[in-house]
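**Student:** here is my input, please return the structure:
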Amino acid sequence: MIYPAVLFLLLLNTTAFAQTDLKKQIEQEGFKFIKQIEAPEKMTGWAGHMQQSPATVFISNDQKYYIIGDLHNAKGENLTIKALETHVKDAVLDDVWKSLENSTWIQDGQKDAPRIVYVFSDPNCPYCHTFWQKARPWVKAGKVQLRHIQVAVIRDESRGQVATMLMAKNPQQVFTSYNTNKGQNKLKITKNIPADIAAKIDANQELMAKYGFFATPSMVWKNQQGEFKSAQGMTEDLREMFEK
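**Tutor:** As a prediction, this is how the structure comes out:
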């Protein structure tokens, strides 16, 4: 979890915001309010997150000021960490899962499979092909659905190959055939990538970077207890990812 280390104090013009709900304005700036928390006198405190980074906001009751950041007492104790852990952690993880759901991915497995695993993969990643092959027993048994989020991070031609898959009439069929042959039958490289496809590829790569992944394959899933798990690179034993 990343907590803001610096307090930002914003002085607002009294007249300009006399008729404005400051909370709504902060929401428009991207902050998601989750839970009201203890605050200094004449202020109202909220725990929430800004672009999936947990944070607290304290709004003056006269609607003239707000502070985004941690609150410390006279002893130097951080009073916001517990609030963030208690009220925001699960909300952020839920938002992360929604972001993955809303990304552009290729389905691999049955829709009603009990375990969903998101996989960031590159067409030129040999470890991605190995992962695909080793996952077949669970996928074919209907136990796992893999959602392959295609990125282009290994070679220059990766971007054009990802575009080719996403533009295909049946991306799943093309992806399956490509991995069945372990990437030996090279995909056509699309040179003039349509703007909407380019935007999807960019969004996938931004998501990968945002969550701190730098290698392919990178996987995200929820275990049987609903806890978030992640891994980077090829894993020898897939049972923890697919069964536990």
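**Student:** quick one: residue 221 is in a helix?
**Tutor:** No - if the criterion is DSSP: H, G, I helix; E, B strand; the rest coil, then residue 221 is strand and not within a helix.
**Student:** from now on call the first residue 31
**Tutor:** Will do, 31 is the new start, and the previous item becomes residue 251.
**Student:** the closest residue to it other than its chain neighbours: neighbouring residues, count only.
**Tutor:** Nearest non-adjacent residue to residue 251, counting by CB to CB, 6 or more residues apart in numbering: residue 147, 4.3 Å away. For the C-beta atoms, the positions are set from N, CA and C on the backbone; glycine is no exception. With neighbours defined by other CB atoms under 10 Å, the count for residue 147 comes to 26.
**Student:** ok, whichever strand or helix holds residue 147: who's next to it in the sheet?
**Tutor:** Using DSSP states H and E, residue 147 maps to strand 145-151. Strand 145-151 pairs in its sheet with strand 174-180 (parallel), strand 248-252 (antiparallel), by DSSP bridges.
**Student:** so how far is residue 140 from the nearest residue to residue 135 once chain neighbours are set aside?
**Tutor:** Nearest-residue entry for residue 135: residue 177, 4.1 Å, with adjacent residues in sequence omitted and distances by CB to CB, 6+ apart. From residue 177 across to residue 140, the span is 12 Å (CB to CB, to the nearest Å).
**Student:** same question, residue 165
**Tutor:** 13 Å.
**Student:** again with residue 204
**Tutor:** Distance from residue 204 to residue 140, by CB to CB: 19 Å.
**Student:** more crowded one of the two?
**Tutor:** residue 204 (18 against 14).
**Student:** against residue 225, how distant is the more buried one?
**Tutor:** 21 Å.
**Student:** then residue 254?
**Tutor:** 42 Å.
**Student:** can you tell me the closest non-neighbouring residue to the residue most central in space within the chain?
**Tutor:** Nearest to the mean C-alpha position of the chain, by CA atoms, centre = their mean, lies residue 126 at 4.1 Å. Leaving aside its chain neighbours, residue 126 sits nearest to residue 82 (6.0 Å; criterion: CB to CB, 6+ apart).
**Student:** same question for residue 172.
**Tutor:** Nearest one to residue 172, counting by CB to CB, 6+ apart, is residue 140 at 4.7 Å.
**Student:** same deal with residue 189?
**Tutor:** According to CB to CB, 6+ apart, the nearest residue to residue 189 is residue 182 (3.7 Å).
**Student:** ok, the one you found - contacts?
**Tutor:** By CB atoms under 8 Å, 6 or more residues apart in numbering, the residues touching residue 182 are 152-153, 188-189, 191-192, 231, 235.
**Student:** residue 270 sits in which helix or strand?
**Tutor:** Element membership for residue 270, per DSSP H and E: helix 269-272.
**Student:** show me what that helix is packed up against.
**Tutor:** strand 145-151 (3 or more CB pairs under 8 Å, 6 or more residues apart in numbering; DSSP states H and E).
**Student:** could you dump the strand it packs on to PDB, C-alpha only?
**Tutor:** The C-alpha coordinates for strand 145-151 follow below in PDB (Å, rounded to 0.1, in the frame of the first residue of the first chain):
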ATOM      1  CA  ARG A 145     -11.100 -19.400 -11.000                       C
ATOM      2  CA  ILE A 146     -10.200 -16.400 -13.200                       C
ATOM      3  CA  VAL A 147      -6.600 -15.400 -13.800                       C
ATOM      4  CA  TYR A 148      -5.500 -12.300 -15.600                       C
ATOM      5  CA  VAL A 149      -2.300 -12.700 -17.600                       C
ATOM      6  CA  PHE A 150      -0.200  -9.900 -19.000                       C
ATOM      7  CA  SER A 151       1.500 -11.500 -22.000                       C
END
